[in-house]
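>>> Provided below are the primary sequence and the corresponding predicted coordinates.
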Number of protein chains: 2
Amino acid sequence: MTPSGNQGDSQAYLNKKAVFAKVLTIYGRKPVLEALEQEGISPFRLHLADSNKSAGIIDDVTRLAKAKGAEVLYHSRAALSRISKNSKQDQGVALDIQCQGFTTFAEFEQNLPTHFDLIAADAVTNPQNLGMIIRSVCASPCTALLLPNQGCARLDALVIKASAGTLFKANIIRCDDLNDAIVQLKKHNAQAFALTGGGEHNLQNLPLDGRNVYVVGNETHGVSPAIIKSCQHKLGIPMANAVESLNVSIAASLVAFHRLYR
Amino acid sequence: MTPSGNQGDSQAYLNKKAVFAKVLTIYGRKPVLEALEQEGISPFRLHLADSNKSAGIIDDVTRLAKAKGAEVLYHSRAALSRISKNSKQDQGVALDIQCQGFTTFAEFEQNLPTHFDLIAADAVTNPQNLGMIIRSVCASPCTALLLPNQGCARLDALVIKASAGTLFKANIIRCDDLNDAIVQLKKHNAQAFALTGGGEHNLQNLPLDGRNVYVVGNETHGVSPAIIKSCQHKLGIPMANAVESLNVSIAASLVAFHRLYR
């Protein structure tokens, strides 16, 4: 929703949201240090609590952040908590990183490619699974990961670790509500596939062009019924030995890489 | 090696080893309880330490084991440690399970199928990765997982959990040394592929018949140089966005399921 009905204001609001969507705030001394040590990341603001006692790791973090051109800001403990949104684990340190591959759904929708393959994550709550999905989608021929702001694991140190650091360069489209996004994409002639048992589609007959979105679901409950209903297609992966299901990051990867077999 | 040069003795020794290979011993109160609660498993001996104090979970474990036809045996604490091989974590409880899908390399070699696809794990030390590989290979069209007795994660509670319980029904060939096994398989006209960067093979041109073994390697170091040397082929998975590598369980799965795309 825009705060004003004015078309110009609405555009400015969307632009602001798109810039904001590229910012990933991480926290915790070791996660921030590890991120700063990674090549190719673009940190632009290091936030430190006034209350931090002198420590080697704080010095290292500050030095690395400055060397990479980031501004160093000092805050009260309370203000830092508001920035990290996790006072229990921030350890007085937070870092804003510019992730060029992050975008809002609205921005993506404004410049919709003629062909795309998206992997969408519906309530993937285990950070290791989400991190592995990010790593695989980033390495795959897919266009991007469609990730709702609510319901999935938060993009924290566990996700970064499981993503093997690819989170910072991955193409990730953030949407407010996954079902709404799928409904919108269908209006633009996208085909939506829910990864669930059965279904008329399998890995052999996935489309090689057009606009496609493949939804993987929660570790225990699978894709939610409302989203299965919104998808035009069901996609099943046949399994041997009466195995009931695959790990969600494996299922997402088998779909994400399908073009490499064709 | 056989303890005697006599052909009959040698065969008896191999048979005994093959029976032994089907036995998986797990330990720890909760892991044993969870295994016993699983459908389709065949426990045949429950080992309890004399020193166990009365506890609800011990009663549950004993009742379930008896209901599934297992013998209940009591041991000194020291004897139980020798059975579990992990006195720190066995909590006075161990369970022998018959896994019909487990076999020795010698037994597999004696009845070599005309066509097979094996996934081989070389120094996969993370139990979550090994468990996910077991789950995927079990669900895939592959014949079995070739797993050396040394160098990979031990088949413990963490592996069982990550395998989503499929470990008990998975086809797993245990070998003493992976390199020796590959050398032997090549004598039987098998094609061995090392999953490593580059290589002339990719997911599009994997063989659809014959005898094939695909080796995935350690999480940090990849497939070991000696094994790469033993393999006739290198298999690479092209990656976008300059991602350096995939998680080993994802790479194994992309190969294990290749027939489903063809």
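Looks like it arrived, so ask away. Numbering: from 1, shown residues only, chains lettered A, B, ... in the order given.
>>> ok, now how distant is the closest residue to chain B within the stretch 51-200 of chain A from residue B:64?
Of all residues in the stretch 51-200 of chain A, residue A:139 sits closest to chain B, with a separation of 3.7 Å (CB to the nearest CB). (Each C-beta comes from the backbone N, C-alpha and C, glycine too.) Here the criterion is CB to CB, to the nearest Å. By it, residue A:139 lies 44 Å from residue B:64.
>>> More neighbours: which of these two?
residue A:139 (26 against 18; other CB atoms under 10 Å in any protein chain shown).
>>> What values do phi and psi take at residue A:10?
phi -60, psi -40 (degrees, to the nearest 10).
>>> next one: the one 10 residues further on
For residue A:20, the backbone dihedrals (degrees, to the nearest 10) come out as phi -60, psi -30.
>>> interface residues of the stretch 151-262 of chain A facing chain B?
Selection of the stretch 151-262 of chain A residues close to chain B by CB under 8 Å from any CB of the partner chain yields A:164, A:166, A:169-171, A:202-204, A:237-247, A:249-250, A:253-254, A:257-258, A:260-262.
>>> ok, 7 Å please
Neighbours of chain B within the stretch 151-262 of chain A, by CB under 7 Å from any CB of the partner chain: A:166, A:169, A:202-204, A:238-241, A:243, A:246-247, A:249-250, A:253-254, A:257-258, A:260-262.
>>> Just the buried subset of those residues, please.
Neighbour counting by 16 or more other CB atoms under 10 Å in any protein chain shown classes A:166, A:169, A:203, A:239, A:243, A:246-247, A:249-250, A:253-254, A:257-258, A:260-261 among these as buried.
>>> residues touching residue A:157, list them.
Residues counted as contacts of residue A:157 (CB atoms under 7 Å, 6 or more residues apart in numbering or on different chains) are A:26, A:28, A:31.
>>> Look up how far residue A:147 lies from it.
Distance of residue A:157 to residue A:147, given as CB to CB: 17 Å.
>>> Where does the record place the domain boundaries for chain A?
A:23-98, A:102-261 (automatic domain parsing).
>>> element containing residue A:254, please.
Residue A:254 belongs to helix A:248-256 when assigned by DSSP states H and E.
>>> Of the contacts of residue A:157, which belong to helices?
Counting by DSSP state H, these place residue A:31 in helices.
>>> Which helix or strand in chain A has the lowest average pLDDT?
helix A:7-21 (a mean of 74; mean pLDDT, DSSP states H and E).
>>> which element is residue A:151 on?
Applying DSSP H and E, one finds residue A:151 in no helix or strand.
>>> tell me the pLDDT at it?
Reading off the confidence values, residue A:151 has pLDDT 96.
>>> What sits closest to residue A:183 if chain neighbours are left out?
Of all residues not flanking residue A:183 in the chain, residue A:230 sits nearest, at 6.0 Å (CB to CB, 6 or more residues apart in numbering or on different chains).
>>> Tell me the gap between stretch A:110-119 and the middle of its chain.
Offset of stretch A:110-119 from its chain centre (CA atoms, centre = their mean, to the nearest Å): 16 Å.
>>> can I assume residue A:76 is in contact with residue A:48?
No: in this structure residue A:76 lies outside contact range of residue A:48 using CB atoms under 7 Å: 10.9 Å.
>>> neighbours of the nearest residue to residue A:115 once chain neighbours are set aside, just the number please.
The spatially closest residue to residue A:115, leaving aside those adjacent along the chain, is residue A:209, at 5.2 Å (CB to CB, 6+ apart). By the criterion of other CB under 10 Å, residue A:209 has 9 neighbours.
>>> Pull up the gap between residue A:209 and chain B, please.
17 Å (CB to the nearest CB, to the nearest Å).
>>> Does that residue lie in a helix or a strand, and which?
Counting by DSSP H and E, residue A:209 is part of no helix or strand.
>>> circling back to that earlier point, now, the residues of the stretch 151-262 of chain A next to chain B that are in helices?
Members of these lying in helices (criterion: DSSP H): A:249, A:250, A:253, A:254.
>>> Next, format the residues you listed as CSV and append distance to residue B:198 and pLDDT.
Output for those, formatted as CSV (distance: CB to CB, whole Å; pLDDT from 0 to 100):
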residue, distance to residue B:198, pLDDT
A:249, 25, 98
A:250, 24, 98
A:253, 20, 98
A:254, 23, 98
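>>> Quick check: the farthest pair among the residues you listed?
Greatest spacing in these, by CB to CB: A:249 and A:254 (9.9 Å).
>>> Tell me how many other residues crowd residue A:19.
12.
>>> how near is it to residue A:188?
The value you get for residue A:19 to residue A:188, if CB to CB is used, is 24 Å.
>>> so residue A:212 bridges to which residues?
Beta-bridge pairing of residue A:212 under DSSP bridges involves residue A:117, residue A:191.
>>> Where does pLDDT dip in the stretch 101-250 of chain A?
Residues of the stretch 101-250 of chain A meeting the criterion pLDDT under 70: none.
>>> For it, which segments count as strands?
Along the stretch 101-250 of chain A, counting by DSSP state E, counting those that start in this stretch, strands occupy A:102-104, A:116-121, A:144-148, A:172-175, A:191-195, A:211-216, A:233-235.
>>> possible to save these as TSV with mean neighbour count?
As requested, these are exported to TSV (neighbours: other CB atoms under 10 Å in any protein chain shown):
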stretch	mean neighbour count
strand A:102-104	22
strand A:116-121	25
strand A:144-148	25
strand A:172-175	22
strand A:191-195	24
strand A:211-216	24
strand A:233-235	19
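>>> Now render those as CSV, adding distance to residue B:58.
What follows is the strands of the stretch 101-250 of chain A, written out as CSV (distance: least, CB to CB, whole Å):
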stretch, distance to residue B:58
strand A:102-104, 52
strand A:116-121, 41
strand A:144-148, 45
strand A:172-175, 48
strand A:191-195, 41
strand A:211-216, 40
strand A:233-235, 45
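>>> about what we covered before: buried sites along the least confident helix or strand of chain A?
Buried, per 16+ other CB under 10 Å, within helix A:7-21: A:13, A:14, A:17, A:18, A:21.
>>> residues touching the spatially closest residue to residue A:181 that is not a sequence neighbour, list them.
Counting by CB to CB, 6+ apart, residue A:175 is the residue found nearest to residue A:181 once chain neighbours are left out, at 4.1 Å. Applying CB under 7 Å, 6+ apart to residue A:175 gives the contacts A:105, A:146, A:148, A:181.
>>> now do 8 Å
Counting by CB atoms under 8 Å, 6 or more residues apart in numbering or on different chains, residue A:175 touches A:104, A:105, A:146, A:147, A:148, A:149, A:181.
>>> And for the residue lying closest to the fifth one once chain neighbours are set aside, the neighbour number?
Nearest non-adjacent residue to residue A:148, counting by CB to CB, 6+ apart: residue A:178, 4.3 Å away. Using other CB under 10 Å, residue A:178 has 27 neighbouring residues.
>>> measure residue A:178 to residue A:105 for me?
In terms of CB to CB, residue A:178 sits 9 Å off from residue A:105.
>>> Report the set of residues contacting both of those two.
Shared contacts of residue A:178 and residue A:105 (CB under 8 Å, 6+ apart): residue A:146.
>>> Specify the beta-bridge partners of the residue nearest to residue A:181.
Under DSSP bridges, the beta-bridge partners of residue A:175 are residue A:148.
>>> who are the neighbours in contact with the residue nearest to residue A:73 when sequence neighbours are not counted?
What sits nearest to residue A:73 in space, not counting adjacent residues and going by CB to CB, 6+ apart, is residue A:47, at 5.3 Å. Contacts for residue A:47 were tallied using CB under 8 Å, 6+ apart; they are A:73, A:75, A:80, A:83, A:84, A:93, A:94, A:95, A:96.
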